[in-house]
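Can you look at this prediction? I've put the sequence above it.
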Amino acid sequence: MSTVTTANYLNYINGEWVESTSNETIESINPAAPEEIVGHIQLSTKEDLDKAVEAAKNAQKTWRGLSGSERGEILYKVAAIMEERLEEIAECATREMGKTLAETKGETKRGIAILKYYAGEGMRKVGDVIPSTDNEALMFTTRVPLGVVGVITPWNFPVAIPIWKVAPALIYGNTVVIKPASESAVTFAKIAKCFADAGLPKGVLNMVTGSGTIVGGGIAAHPEIKGITFTGSNAVGKSIAHEAMKRGAKYQLEMGGKNPVIVAGDADIELAVDAVIKGAFLSTGQKCTATSRVIVEETIYDRFIKKLIAETKKITIGAGIHADSWMGPCASETQYKSVLQAIQTGINEGAKLILGGKPYEDKVNNGYFIEPTIFEVADQNIAIAREEIFGPVIALMKVSSMERAIDLANDSAYGLSASIFTGNITRMLKFVQEMEAGLIRVNAESAGVELQAPFGGMKESSSHSREQGEAAKEFFTSIKTVFVKG
Ligand SMILES: NC(=O)C1=CN([C@@H]2O[C@H](COP(=O)(O)OP(=O)(O)OC[C@H]3O[C@@H](n4cnc5c(N)ncnc54)[C@H](OP(=O)(O)O)[C@@H]3O)[C@@H](O)[C@H]2O)C=CC1
Ligand SMILES: CCCCCC(=O)O
């Protein structure tokens with residue numbers, strides 16, 4: 001039965017909720033029940049974007065003129081309003097992109113914690129006093145905001161990722177124009193309303209929804225946007241970097257991953273299996289930090305694979321809104337088809353399918369569900385072991401030594417996250433030193449970003465800045481060295 005909702009979500013520009021000049025909208029649908037329309041979002045134009053940038057530019061001077069603590073007070077209010085609306089936001093995120101309610105509630109709490117963290121940043125030091133060689137002079141560093149910052153975000157963390165970009169941008173004195181992913185724009189519209197209802201001055205935060213090419217591409221190329229922060233695919237990230245470089249704008253990219261987990265011969269197998277299942281299949285594998293390669297020492301391979309299959313078979317699949325669903329659908333029909341294509345490519349290239357590999361039949365709502373899938377891979381050069389799939393698919397590989405395991409783990413264009421399971425301290429330290437990844441986890445799943453710590457990738461996973469924690473300051477401000485003589 002189709003649940004058609006007429007909810008029409010507007011752009012938020014200069015403190016007002018407005019329709020696009022295109023007078024067109026696009027539907028945001030529920031991937032667990034594609035007949036259900038979660039809401040209609042604006043299909044915005046370049047003209048809409050220009051109005052948003054103008055508003056952000058006009059608001060910049062006053063906003064940066066506030067003290068950090070004054071800006072922080074507003075972020076604390078946003079956090080408090082989000083806490084009141086937690087259920088509404090979490091349920092919307094689940095309906096819009098499929099993640100289970102347990103995960104979207106956890107993510108919304110994480111968004112609230114991020115707001116509070118950066119609200120506190122408004123009272124922390126921004127520079128250092130450095131002794132000059134001229135003893136009569138004072139030399140120190142300080143930081144200034146970039147100005148208008150463009151934010152382009154993906155659908156996989158519809159609450160946490162936009163907030164971990166917008167909160168630091170604002171606390172350090174920037175104003176923002178954000179384009180959320182179309183698959184999760186209704187969720188961000190609800191978050192933008194929390195900012196509006198907290199009394200954020202008009203023009204400080206502006207949301208323009210719609211086509212990535214037009215609005216996202218417009219942000220990348222806009223001469224008044226001084227910094228662009230992006231999370232999403234490598235293809236789009238590279239196009240943004242190209243546009244930004246052409247005009248000397250600062251840019252920050254967090255992109256794909258093909259994250260390995262090494263299971264050493266002395267590993268706690270139960271712990272490793274539990275972490276691999278969570279890392280690979282929570283959020284239906286749609287995390288940039290998701291586990292997608294599992295490299296197991298041959299001495300325990302058979303025991304590990306037997307346990308992994310037995311535990312994976314226990315996964316309950318269903319609409320994320322239902323409490324008994326552990327894994328929801330792919331976020332969209334596009335993603336669903338992309339994952340099925342990757343599975344077929346794996347089969348065609350000789351990988352051995354040992355579990356799953358098919359759509360999970362949902363006879364009630366025809367949702368975009370796929371079975372948790374496990375391949376055994378002998379050749380690390382085939383696509384299933386090299387390309388990001390962004391779905392519930394694991395490539396299992398067997399190795400004869402730790403040396404070989406780390407070589408295999410590093411044999412990737414990506415370097416975002418990596419885990420090892422071992423009780424041997426020498427192996428742990430060797431992994432920490434030699435693994436080419438921005439997030440290293442020992443005896444824990446490959447996902448697990450913490451808001452207070454730097455986050456970002458190596459190699460093609462990132463533009464090599466870091467987000468979150470104090471690291472965010474590096475991107476959202478410019479540092480100045482000041483020399484003063486009386
Ligand atoms: N590293 C990570 O955290 C993530 C990686 N991914 C990867 O990206 C793939 C597709 O997911 P998706 O979210 O569509 O990622 P995309 O890179 O396609 O989209 C991310 C954001 O960029 C926007 N965008 C699209 N095209 C352009 C463009 N030409 N210029 C500027 N912005 C643009 C999108 O808008 P619109 O919504 O209109 O498409 C969206 O807001 C996934 O399969 C996965 O491989 C995805 C999400 C997160
Ligand atoms: C896009 C990155 C999200 C990382 C979520 C995690 O690993 O906790």
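Alright, I've got the coordinates. Ligands and ions are numbered 1, 2, ... in the order given.

Show me which residues of the protein are close to ligand 1?
152-156, 179, 181-182, 211-213, 216-217, 220, 231-233, 236, 239-240, 254-256, 288, 388, 390 (Cβ under 6 Å from any ligand atom). Glycine gets a C-beta too; all of them are placed from N, C-alpha and C.

Buried ones among these?
The neighbour-count test (16 or more other Cβ atoms under 10 Å) applied to the residues of the chain next to ligand 1 identifies 152-156, 179, 181-182, 211-212, 216-217, 220, 231-233, 236, 239-240, 254-256, 288, 388, 390 as buried.

before we move on, the earlier item: filter the residues of the chain next to ligand 1 down to the ones near ligand 2?
Among the residues of the chain next to ligand 1, the residues that sit close to ligand 2 (Cβ under 6 Å from any ligand atom) are 231, 288.

Please flag which of the buried ones among the residues of the chain next to ligand 1 sit within helices.
The members of those that map onto helices under DSSP state H are 217, 220, 236, 239-240.

Need those residues in a markdown table (columns: pLDDT).
A markdown table is the format used below for these (pLDDT from 0 to 100):
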| residue | pLDDT |
| --- | --- |
| Gly217 | 98 |
| Ala220 | 98 |
| Val236 | 98 |
| Ser239 | 98 |
| Ile240 | 98 |
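
Quick check: Ser28 vs Pro329, distance?
Using Cβ to Cβ, to the nearest Å, Ser28 is found at 14 Å from Pro329.

is it true that Arg85 touches Thr187?
No. Checked against Cβ atoms under 8 Å, the pair Arg85 and Thr187 is beyond contact range at 11.3 Å.

The two: which is more packed in?
Counted by other Cβ atoms under 10 Å, Arg85 and Thr187 do not tie: Thr187 has more neighbours, with 32 against 16.

Tell me which residue of the stretch 101-250 of the chain lies closest to ligand 2.
Distances between the stretch 101-250 of the chain and ligand 2 by Cβ to the nearest ligand atom are smallest at Phe157, namely 5.2 Å.

Give the burial count for that residue, as a bare number.
A total of 27 residues lie near Phe157 under the criterion other Cβ under 10 Å.

Next, the contact list for it, please.
107, 287 (Cβ atoms under 8 Å, 6 or more residues apart in numbering).

how close does it get to Gly423?
With Cβ to Cβ as the criterion, Phe157 and Gly423 are 32 Å apart.

low pLDDT regions in this protein?
The model of the chain has pLDDT under 70 over residues 1-5.

Going by residue numbers, what spans are helices in it?
For the chain, helices defined by DSSP H occupy the ranges 46-65, 68-84, 86-97, 101-121, 160-171, 185-197, 217-221, 234-246, 269-281, 301-312, 333-348, 402-410, 425-434, 472-476.

okay, those, which one's buried deepest?
Mean neighbour count (mean count of other Cβ atoms under 10 Å) peaks for helix 160-171 among the helices of the chain, with a mean of 28.

what packs against that one?
Counting contacts by 3 or more Cβ pairs under 8 Å, 6 or more residues apart in numbering; DSSP states H and E, helix 160-171 is packed against helix 68-84, helix 101-121, strand 148-152, strand 175-179, helix 185-197, strand 227-231, helix 472-476.

give me that answer again for 7 Å
Counting by 3 or more Cβ pairs under 7 Å, 6 or more residues apart in numbering; DSSP states H and E, the packing neighbours recorded for helix 160-171 are helix 68-84, helix 101-121, strand 148-152, strand 175-179, helix 185-197, helix 472-476.

Okay, domains of the chain per the record?
8-255+462-485, 259-450 (automatic domain parsing).

Using a markdown table, lay out the ones you listed together with distance to Gly456.
Output for the domains of the chain, formatted as a markdown table (distance: least, Cβ to Cβ, whole Å):
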| stretch | distance to Gly456 |
| --- | --- |
| domain 8-255+462-485 | 4 |
| domain 259-450 | 5 |
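
Assess the claim that Ser400 and Glu298 are in contact.
Yes. The criterion here is Cβ atoms under 7 Å, and Ser400 meets it with Glu298 at 5.4 Å.

Once you drop chain neighbours, what's closest to Ile81?
Nearest residue to Ile81, sequence neighbours excluded (Cβ to Cβ, 6 or more residues apart in numbering): Cys194, at 4.4 Å.

Likewise for Asn30?
Leaving aside its chain neighbours, Asn30 sits nearest to Glu36 (4.0 Å; criterion: Cβ to Cβ, 6+ apart).

From ligand 1, how far off is that neighbour?
Plainly put, Glu36 is 19 Å away from ligand 1 if you go by Cβ to the nearest ligand atom, to the nearest Å.

That residue contacts Ala7, doesn't it?
No. Glu36 lies out of contact with Ala7 (Cβ under 7 Å); the separation is 11.7 Å.

neighbour-wise, which of those two wins?
Glu36 (20 against 14).

In the stretch 351-486 of the chain, which residue sits nearest ligand 1?
Proximity of the stretch 351-486 of the chain to ligand 1 (Cβ to the nearest ligand atom) peaks at Phe390, 3.7 Å away.

for that residue, what are its contacts?
Contact analysis of Phe390 by Cβ atoms under 7 Å, 6 or more residues apart in numbering lists 285-286, 335.

The chain against ligand 2: which residues are in contact?
Neighbours of ligand 2 within the chain, by Cβ under 6 Å from any ligand atom: 157, 161, 231, 287-289, 447-449.

among these, which two are most distant?
Thr231 and Gly448 (16.8 Å; Cβ to Cβ).

Return the set of residues that bridge with the residue nearest to Gly127 when sequence neighbours are not counted.
Once flanking residues are discounted, Gly127 sits nearest to Thr141: 3.8 Å by Cβ to Cβ, 6+ apart. Beta-bridge partners recorded for Thr141 (DSSP bridges): Thr481.

Any figure for the gap between Thr141 and Ser478?
Here the criterion is Cβ to Cβ. By it, Thr141 lies 11 Å from Ser478.

swap in Ser211?
31 Å.
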